[in-house]
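1. Sequence below, structure please.
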Amino acid sequence: MDLLFLVLYVVGIIVALIVGYLQLIVPFVKGDVKLSKKFPFVVKTGSAIAIEPVHARRMTIAGGKKSIVVLPFDNLGKAEDDYFAAGVTEEITSRLAAVNGLAVISRTSASQYVKTKKTITEIGGELCVDYVLEGTVRWARAQKGSDRVRITPQLVRVSDDTHIWADNYDRNVEDIFQIQTDIAQRVVEQLDLRLVETECKAVEAAPTANIDAYHAYLRARYFVTRPHFSVENWTRAIECAQEAVRIDPNFVSAYIELSKAHSVMYYYWYDHSEERRNKAKLALDGALKLASLSPQVRVALAHYYLYCYRDPERAFKEIEVAERVLPDNDDVLETKASILQLQGRWDEALEILKKAYALSPRDASLPTELAKIYWITRRYSQAIELCDEASTLAPDDAWPYLYKVFVYWFWRADTRSARAALENVSKEHAWAPWVWFWQEIFEGNYLAGIERLDIGSGEWIRIKIHAQPKSLLAAIAYEFLDDIEKARAEYDRARILLEAEVEKHPDDPRYHSSLGIAYAALGQKEKAIEEGKKAVEILPISKDAFYGIPYVEDLAYIYALAGEREAALEQLEHLLSIPSWFSVPWIELDPRWRSLRGHPRYRDLMDKYRQPV
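-> Residues are numbered from 1 along each chain as shown. Below you'll find the model as predicted:
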């Protein structure tokens, strides 16, 4: 009897396993189960939804490493001390990120949980981490003697919401570096990790011996990490970083921030002067003199070669050196992706950004950047999905909506959906007048387009891809309205402004191509083509696969205005044949190309490059 019972028991288990296996596999075979595109760890089974086990997601994100997020430490002091609490959090995060056996969620993703009401379990689930480090900071200023700093960290295991370590530090503010080191070391111990010598040095390193310099540096970092890039924030960051190196001429991290800030201001044309580039180099030399082997300094070098010279080979060489020490560092990954994009290596950049997004799942800038790549490589539906993810993470950020506008324009000339997305962008945004102008033009609302130019103050629109007097855009709209007299007057007004800017900024392609358009419209054909070609020579696509595109576009328009239709179509075909924002639906939508539509080659091009919608 016992033997019979045992046999029946074993058979029952086998039958149960077979049934369970069939229940899991058959829906996949029948096509009833699909992976969610938006949330890749969610499995849809008909009307039911199964979630991939959390530990599997963590293995995916951390690559088998233990994973942790350092949540923003709460500032219990004055609101003006927020930068200090943010700096403490970032320093601890940076020290832990130097440990190769640990996957650390980026500061940007962690910052989304400032003063959150979510539980540790909810946060751990959203970020797919094993551990959470949280805490509080109070900077207590003293009327006499040294200021005090009180920091209370606690380490929580997500799986069972257990506090596995906590402490209370109450020391002089000058001891802040030792406190941060001690916290990082205690976390490493609690996670049962072992550090090699280089990791020990990274965890124990004090950025400066001067607390005043440190506060200036933290303020610089505070402004650099503000969302929604603005010249004001970067200018203030430069001022604070300069103050830090003035106080402590041996402050490597401050030199790095100063060099990066100058490089960014140069790259985005806010100050594309030799003086600005020299300032970036001077700050970088200060860092190199003090710590030439530091991986952070190598990242700064990569930034310098990338943003000041668009030299991907030298930038890539430096970022690979840094990557060997900091393989999962968000700054390293994003810089590497930027270099690859410069070279037009879009799929490689895509994979790097996917890795960065896995490590920083709450950083809206990453799905936004992924959306840009999908747009440029004409994978439009994926681009829209990423825009939606980014806007969910950062509903007040303009760029997910702006990219959505662009995708709808170029994917299927869907101006209605584009308008709906554009309504989410603040009228104060630097790109708003330009995008709204073209939205109205594409809808055939030419007078409304001219009115949109009044959104921003001043007589210029200066953005990363164009620098145009508003009179130039108004002239284009008047031309579409067949009001030749007004168009010519506006073109001439734009010409005068642009000639002055070209003289002041001879190496800025934006002014050359805009001047070329004005010349072409005014009948000065040779000068127009010369200016258009000059812009392409200054920044060809071979030198920058993204920011080189608008000057080829402008050259095509110059040829079209000048009656050189064959040359215009040649430029259009070039842009249709490579990854770019050019597409057949958009060319058919944009009235700038209407003079080409009767040419036999035009229809051939449209048929050749048309994609199924």
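2. Confidence-wise, which helix or strand of this protein is lowest on average?
-> strand 48-51 (a mean of 32; mean pLDDT, DSSP states H and E).
3. For burial, what's the neighbour tally of residue 197?
-> 7 (other Cβ atoms under 10 Å). C-beta: built from backbone N, CA, C; applies to glycine.
4. cool, and residue 573?
-> Neighbours around residue 573, by other Cβ under 10 Å: 17.
5. host element of it?
-> Residue 573 belongs to helix 565-577 when elements are defined using DSSP states H and E.
6. contacting residues around that helix?
-> 549, 552-553, 555-557, 559-560, 582-584, 587, 593, 595-596, 599, 601-602, 605, 608-609 (Cβ atoms under 8 Å, 6 or more residues apart in numbering).
7. Could you give the average pLDDT over that helix?
-> Per-region confidence: helix 565-577 scores 98 on mean pLDDT.
8. And that helix, what's buried?
-> For helix 565-577, burial by neighbour count (16 or more other Cβ atoms under 10 Å) applies to 565, 567-569, 571-573, 575-576.
9. and what of stretch 517-526?
-> For stretch 517-526, by 16+ other Cβ under 10 Å, it's 517-522, 524-525.
10. So what's the gap between stretch 169-177 and the chain middle?
-> Distance, stretch centre to chain centre, for stretch 169-177: 35 Å (Cα atoms, centre = their mean, to the nearest Å).
11. again but with stretch 197-214, I slipped
-> With Cα atoms, centre = their mean, you get 28 Å for stretch 197-214.
12. Then stretch 73-84?
-> Centroid separation for stretch 73-84 versus its chain: 27 Å, with Cα atoms, centre = their mean.
13. Stretch 393-404 too?
-> The chain centre lies 12 Å from the centre of stretch 393-404; the measure is Cα atoms, centre = their mean.
14. Grab the nearest non-local neighbour of the residue nearest the centre of the chain.
-> Residue closest to the mean C-alpha point of the chain, counted by Cα atoms, centre = their mean, is residue 365 at 4.2 Å. In space, and not counting its chain neighbours, residue 365 is closest to residue 108: 7.0 Å by Cβ to Cβ, 6 or more residues apart in numbering.
15. element containing the one you found?
-> Per DSSP H and E, residue 108 falls inside helix 107-110.
16. Output the contacting helices and strands for that helix.
-> Helix 107-110 is packed against strand 66-70, helix 82-97, with contacts defined by 3 or more Cβ pairs under 8 Å, 6 or more residues apart in numbering; DSSP states H and E.
17. Which among the ones you listed is found nearest to residue 315?
-> Proximity to residue 315 (Cβ to Cβ) singles out helix 82-97 among the helices and strands packed on helix 107-110, at 21.2 Å.
18. in the protein, which spans are strands?
-> Per DSSP state E, the chain carries strands over the ranges 33-35, 42-45, 48-51, 66-70, 74-75, 102-104, 131-140, 148-157, 162-166, 169-172, 460-462, 467-469.
19. Make a markdown table from the ones you listed and add mean neighbour count and distance to residue 85 to it.
-> Shown next, in a markdown table, are the strands of the chain (neighbours: other Cβ atoms under 10 Å; distance: least, Cβ to Cβ, whole Å):
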| stretch | mean neighbour count | distance to residue 85 |
| --- | --- | --- |
| strand 33-35 | 14 | 39 |
| strand 42-45 | 15 | 35 |
| strand 48-51 | 11 | 34 |
| strand 66-70 | 26 | 12 |
| strand 74-75 | 20 | 4 |
| strand 102-104 | 25 | 18 |
| strand 131-140 | 21 | 4 |
| strand 148-157 | 20 | 9 |
| strand 162-166 | 13 | 18 |
| strand 169-172 | 14 | 14 |
| strand 460-462 | 17 | 36 |
| strand 467-469 | 24 | 40 |
